[in-house]
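Asker: starting from these lines, generate the structure:
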Amino acid sequence: MSLRAKLVRLGLRLFFKRGTARDIQAVRRRIARLGHLVPSAPPQTEVQHLDLDGVKAVRVATRESRDDRHVLYLHGGGHVAGAPVLYRDFIWRIAAATRARVTIIDHRLAPEHPFPAALDDAVATYRAMLTDGVDPRRLAIMGESAGGGLVFSTLLALRDQGMRLPAAAVALSPWTDLALTGESLRRNAKADPMLRADEAPLMAGYYLSGIDPRTPYASPLYGDPTGFPPTLIQVGSDEILLDDSVRMAERMRAAGCRVELEIGKGMPHAWQLWARIMPEARAAIARIGAFVQSNVQA
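Answerer: Predicted coordinates for the structure are as follows:
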């Protein structure tokens, strides 16, 4: 592990693990503070603000981005927080690495808009992109944390609705089990430098709003992934969500899917977002780029 990665771990622990957020506004304030630390994209980056079937989105392209290649990105935030602005130093890097135009949506959040609002927004955006002429053979879907879980939920919904699926999927530290049964929630509670296991029930409760936490469209770990496209999952070894990734990969393999699981030793939750600082994050993004390019149609 690089010295910079160790420093990021320390900073995250000081920022996120001092006290417990007891309500939704506390969670949002804490995540929003990170926005002041996120640099803007380089000046040559192309940024469009879109409305895709009623869902607000931002589309980012770099000089490397091809006009006919796309990535749909679903952001994290525990289903209760987060916004595209927090990703302005990350999305352009994904666009450059995948040589694609990346669309990140500003989907609705719980508790004001509980399940299935976020899923409906993701599906509506995907449909709108196809209606606008995006070829699913040249499209990947990607997300991190709660957005990573939403990647799998969206694939379930699209398949069940008879839609053509994207050519590839990437999930970074995905939250796939809102029933919170993963042993790593307890095993890694102290080691995880960012996420708090005692806050997970709060966020899950806001999103689920009383439905069964094993509902597959909310917790894709309990769904049938048959027919999913080639998928890359990246997760840190110390994360409380480690088992959400490991078990999802096992379930996909059992269903005959092609899935690659990469466990970053000592890496914090969604470490790829710290690419400006961490060499491990830049390496992970390069791997994502190679994976997407090898699975979408040229």
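Asker: what's the span of stretch 228-237 from first residue to last?
Answerer: Stretch 228-237 has an end-to-end distance of 25 Å (CA to CA, to the nearest Å).
Asker: what comes up buried for that stretch?
Answerer: By 16 or more other CB atoms under 10 Å, the buried positions in stretch 228-237 come out as 228-236. Where you see a C-beta, it was placed from the backbone N, CA and C, and this is true even at glycine.
Asker: got it, and stretch 64-74?
Answerer: 65-66, 68-74.
Asker: what ranges do the strands span in the chain?
Answerer: Ranges of strands within the chain are 46-52, 55-61, 70-74, 101-105, 139-144, 168-172, 231-236, 259-264, based on DSSP state E.
Asker: can I get these in TSV including mean pLDDT and distance to Arg214?
Answerer: As requested, the strands of the chain are exported to TSV (pLDDT from 0 to 100; distance: least, CB to CB, whole Å):
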stretch	mean pLDDT	distance to Arg214
strand 46-52	97	30
strand 55-61	98	27
strand 70-74	98	21
strand 101-105	98	26
strand 139-144	98	21
strand 168-172	98	19
strand 231-236	98	20
strand 259-264	98	21
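Asker: Arg186 is nearest to which of the ones you listed?
Answerer: With CB to CB, the closest approach to Arg186 among the strands of the chain belongs to strand 231-236: 16.4 Å.
Asker: got a list of contacts for the closest one?
Answerer: 148, 168-174, 241-242, 244-246, 248-249, 252, 257-264, 266-269, 271-272, 284, 287-288, 291 (CB atoms under 8 Å, 6 or more residues apart in numbering).
Asker: try it again with 7 Å
Answerer: Contacting residues not belonging to strand 231-236 are listed as 169-174, 241-242, 245, 248-249, 252, 257, 259-264, 266-269, 271-272, 284, 288, 291 [CB atoms under 7 Å, 6 or more residues apart in numbering].
Asker: for stretch 104-113, same thing?
Answerer: Contacts to stretch 104-113, defined as CB under 7 Å, 6+ apart, come from residues 24, 55-58, 73-75, 79-81, 83-84, 87, 91, 117-118, 121-122, 125, 206-207, 209.
Asker: now, of the residues you listed, which are buried?
Answerer: For the contacts of stretch 104-113, a neighbour count by 16+ other CB under 10 Å gives the buried set as 24, 55-58, 73-75, 79-81, 83-84, 87, 91, 117-118, 121-122, 125, 206-207.
Asker: make a markdown table out of the buried residues of stretch 64-74 and add distance to Gly223.
Answerer: Converted to a markdown table, the buried residues of stretch 64-74 look like this (distance: CB to CB, whole Å):
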| residue | distance to Gly223 |
| --- | --- |
| Ser65 | 32 |
| Arg66 | 32 |
| Asp68 | 31 |
| Arg69 | 28 |
| His70 | 25 |
| Val71 | 23 |
| Leu72 | 19 |
| Tyr73 | 21 |
| Leu74 | 16 |
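Asker: of all the strands of the chain, which one is nearest Asp132?
Answerer: Closest among the strands of the chain, using CB to CB: strand 46-52, at 7.9 Å.
Asker: compute the number of surrounding residues for the nearest residue to Arg253 once chain neighbours are set aside.
Answerer: Spatial nearest neighbour of Arg253, chain neighbours left out: Val259 (6.0 Å); criterion: CB to CB, 6 or more residues apart in numbering. Neighbourhood size, Val259 [other CB atoms under 10 Å]: 21.
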